[in-house]
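In: how would this look folded up:
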Amino acid sequence: MLLTLTTTHQPATDLGYLLHKNPARLQSVEITGGQAHVFYPEATAERCTAALLLDLDPIGLVRGRGGAPGEGFALEQYVNDRPYVASSFLSVALSKAFGTAMNGTCKDRPALPAEALPLAVTVAVVSAPGPDWPRRLFEPLGYEVETTAYPLDPTQPAWGDSPYYTLHLRHDGLRLRDVLTHLYVLLPVLDNDKHYYVDQNEAEKLLHRGGDWLPRHPERGFITRRYLRYRALYVNPALARLLETDELPDDTSPPGPLSKKEGEPNASSMTGAPSFLERGSGGEVPLGGEVPTEGDQRLSLHDQRLQQVAHEIYQLAPKRVLDLGCGEGKLLRLLLRQPKIEYILGMDVSHQALARAAQRLHLAEMPPRQRARLDLIQGSLLYKDDRLAGFDAAALVEVIEHLDPSRLAALEAVVFGHARPAHVFVTTPNADYNQLYESLSAGTFRHADHRFEWSRAEFAAWATAVAARYGYQVRLVGLGEEVEGVGAPSQLAVFGLS
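Out: The predicted model follows:
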């Protein structure tokens, strides 16, 4: 079983410092059932590849285990795919060989683990429940995914392909520790087996290794169940804890004077007319009224952003609207209730998020006229897409902070240069406000997937520069209740063509 990691980061031999493995010599570690060997097929300043070769002894794997009588065939313990397929054995090998790198530590170059590197990964071979599953697990994390299938028998094409694939992953900019962690969790999920007993420690391991990205992964349920081998005793609490962390401080009422006071009613028990976020699809939409403020405890900060953007769009009375990074369709639902909008296009990189949006919007049950107003497409904001041209307005609600700063120029060219809608609405957290969150230590972000969070001055500088480059005017708006000295919890830039 072979896994390779390749980078063209300059100098590429920094990979050796990150992995704590000298490119000049072979290094080996013992694992259950065999050995893992680390070596470098290439190591130059321009390109460096580290290889992890897992050498398992099929006899050693089963020695002393004694199978149950009557189960399988006589040599089943000895004739299997374990020595050749990426599995929990490989996860253990990754942890033992690259544990320091996985933890983000580099004694010789302390700043290096935080750098986003161009990385390519090849794993030969993975087993998977279907040809689309490697893509469904890795694409939401930003990877380009390719698989090469193996036929059941090359001499019998009609038999079709086996469940085995060579997996190729590519990412233009990601921390090495993140790549190793993704592989550590997801490879045994694809394999759907563990060579050791699954207990509470394994659940804690999943929460530790997946805590930064698993709560927002569209397949978190699938991943959790297979990683914990369907043991409900551990699966259900783990999923509950993942869901608890899905909404971090950025999506809740902040502490201090804006927090719900003790004894105050919950949103569901408050009297008075509900906001249009809470109404059914047949309700009136009071979009011409005042947008609720941060002090209105019926709405989370996330919903208030959506309210504000929907209100801004309503005032423009556009006919064609884009929701870029539409997720599970909350803003789409609000836009559908604006009768003057003739067509809405929602786009997201995750096809699972799009599937949930279609389900939550009851797309299949919509009346024909309403259904004709909405389309959902999968796509990336980093590549020119002709489907995005010809719109009056586009919304990017809490999208830009999930991109590496080096990739913002590509997004700007796609949205403001190529698609060029008449109006663009961009929201992002206000980093000045973070000091009011007791749960955030200095320098940390509101969500683990955020690549940056800008102060008001930084956001203003970016928005002004984008407007100047692409011929827009820009207006900046605070979202939520203003606090003296730090501003509002979120910020909105409203771009309009000059």
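In: got a pLDDT number for the spatially most central residue of the chain?
Out: With distances taken as C-alpha atoms, centre = their mean, residue 141 lies nearest the centre of the chain, 4.4 Å away. The per-residue pLDDT reported for residue 141 equals 93.
In: now do residue 231
Out: If you check residue 231, the pLDDT there is 86.
In: so it touches residue 198, yeah?
Out: Yes. Taking contacts as C-beta atoms under 8 Å, residue 231 lies within contact range of residue 198: 5.7 Å. The C-beta positions use only the backbone N, C-alpha and C, and glycine is treated the same way.
In: Going along the chain, name the strands of the chain.
Out: 2-7, 27-31, 34-43, 48-56, 117-127, 144-151, 161-174, 320-324, 343-348, 374-378, 393-397, 423-429, 472-479, 490-497 (DSSP state E).
In: by how many degrees do the last one and strand 472-479 diverge?
Out: Read it as strand 490-497. Angle, strand 490-497 to strand 472-479, by axes from the mean of the first three to the mean of the last three C-alpha atoms, to 10 degrees: 160 degrees.
In: Parallel or antiparallel, list what pairs with strand 490-497.
Out: In the sheet, strand 490-497 lines up against strand 423-429 (antiparallel), strand 472-479 (antiparallel) (DSSP bridges).
In: One more: the longest one?
Out: Looking at strand 161-174 with DSSP bridges, its paired strands and their directions are strand 117-127 (antiparallel), strand 144-151 (antiparallel).
In: list the contacts for the residue nearest to the centre of the chain?
Out: Residues near residue 141 by C-beta atoms under 8 Å, 6 or more residues apart in numbering: 182, 213, 217.
In: repeat that for 6 Å
Out: Residues near residue 141 by C-beta atoms under 6 Å, 6 or more residues apart in numbering: residue 182.
In: Output the strands of the chain in TSV; the columns should cover mean neighbour count, distance to residue 92 and mean pLDDT.
Out: Shown next, in TSV, are those (neighbours: other C-beta atoms under 10 Å; distance: least, C-beta to C-beta, whole Å; pLDDT from 0 to 100):
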stretch	mean neighbour count	distance to residue 92	mean pLDDT
strand 2-7	20	13	96
strand 27-31	14	5	91
strand 34-43	18	8	94
strand 48-56	20	9	94
strand 117-127	20	15	93
strand 144-151	15	24	89
strand 161-174	19	19	90
strand 320-324	25	41	96
strand 343-348	22	35	95
strand 374-378	17	35	94
strand 393-397	25	41	96
strand 423-429	25	38	96
strand 472-479	17	46	94
strand 490-497	21	43	95
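In: can you redo the strands paired with strand 161-174 as TSV with distance to residue 317?
Out: What follows is the strands paired with strand 161-174, written out as TSV (distance: least, C-beta to C-beta, whole Å):
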stretch	distance to residue 317
strand 117-127	44
strand 144-151	39
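In: among these, which is nearest residue 53?
Out: Shortest distance between residue 53 and these, using C-beta to C-beta, is found for strand 117-127: 10.5 Å.
In: before we move on, the earlier item: look up how far residue 105 lies from the residue nearest to the centre of the chain.
Out: In this view, residue 141 and residue 105 are 22 Å apart by C-beta to C-beta, to the nearest Å.
In: Any idea how many residues pack against the residue lying closest to residue 410 once chain neighbours are set aside?
Out: Spatial nearest neighbour of residue 410, excluding adjacent residues (C-beta to C-beta, 6 or more residues apart in numbering): residue 382 at 4.4 Å. Applying other C-beta atoms under 10 Å, we find 17 residues neighbouring residue 382.
In: of residue 231 and residue 198, who's got more company?
Out: The residue with more neighbours, out of residue 231 and residue 198, is residue 198; 19 against 15, by other C-beta under 10 Å.
In: Could you pull up the residues touching that one?
Out: Residue 198 touches 228, 229, 231, counting by C-beta under 6 Å, 6+ apart.
In: Contacts only, for the first one.
Out: What that stands for is residue 228. Per C-beta under 6 Å, 6+ apart, neighbours of residue 228: 198, 234, 235.
In: Would you mind measuring from it to residue 136?
Out: On the measure of C-beta to C-beta, residue 228 and residue 136 end up 19 Å apart.
In: what does residue 388 give?
Out: Distance from residue 388 to residue 136, by C-beta to C-beta: 24 Å.
In: And residue 486, by the same measure?
Out: Distance from residue 486 to residue 136, by C-beta to C-beta: 40 Å.
In: the more surrounded of the two?
Out: residue 136 (19 against 16).
In: Now the more buried one: closest residue in space, sequence neighbours ignored.
Out: Leaving aside its sequence neighbours, residue 136 sits nearest to residue 219 (C-beta to C-beta, 6+ apart; 5.8 Å).
In: how many other residues sit next to that neighbour?
Out: When neighbours are counted by other C-beta under 10 Å, residue 219 registers 17.
In: And the one 5 residues further on, by the same measure?
Out: By other C-beta under 10 Å, the residues close to residue 224 number 25.
In: cool, residue 370 as well?
Out: Neighbours around residue 370, by other C-beta under 10 Å: 14.
In: can you pull the contacts of it?
Out: Contacts of residue 370 (C-beta under 6 Å, 6+ apart): none.
In: so residue 214 touches residue 220, yeah?
Out: Yes. Contact between residue 214 and residue 220 holds when scored by C-beta atoms under 6 Å: they sit 5.3 Å apart.
In: Which of those two has more residues huddled nearby?
Out: residue 214 (26 against 20).
In: Now do the contacts for that one.
Out: Contact analysis of residue 214 by C-beta under 6 Å, 6+ apart lists 220, 242.
In: and which of the contacts of residue 198 is nearest to residue 339?
Out: residue 228 (47.4 Å).
In: Now do the closest one against residue 428, distance only.
Out: 35 Å.
In: likewise residue 395?
Out: Counting by C-beta to C-beta - residue 395 and residue 428 are separated by 12 Å.
In: now do residue 365
Out: Residue 365 sits 35 Å away from residue 428, going by C-beta to C-beta.
In: Kindly report the same for residue 397.
Out: 9 Å.
In: what does residue 23 give?
Out: Distance, residue 23 to residue 428, by C-beta to C-beta: 40 Å.
In: can you list the domains in the chain?
Out: The chain breaks down by automatic domain parsing into domains covering 2-67+76-196, 297-497.
In: Would you convert those into TSV that also reports distance to residue 241?
Out: As requested, these are arranged in TSV below (distance: least, C-beta to C-beta, whole Å):
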stretch	distance to residue 241
domain 2-67+76-196	15
domain 297-497	14
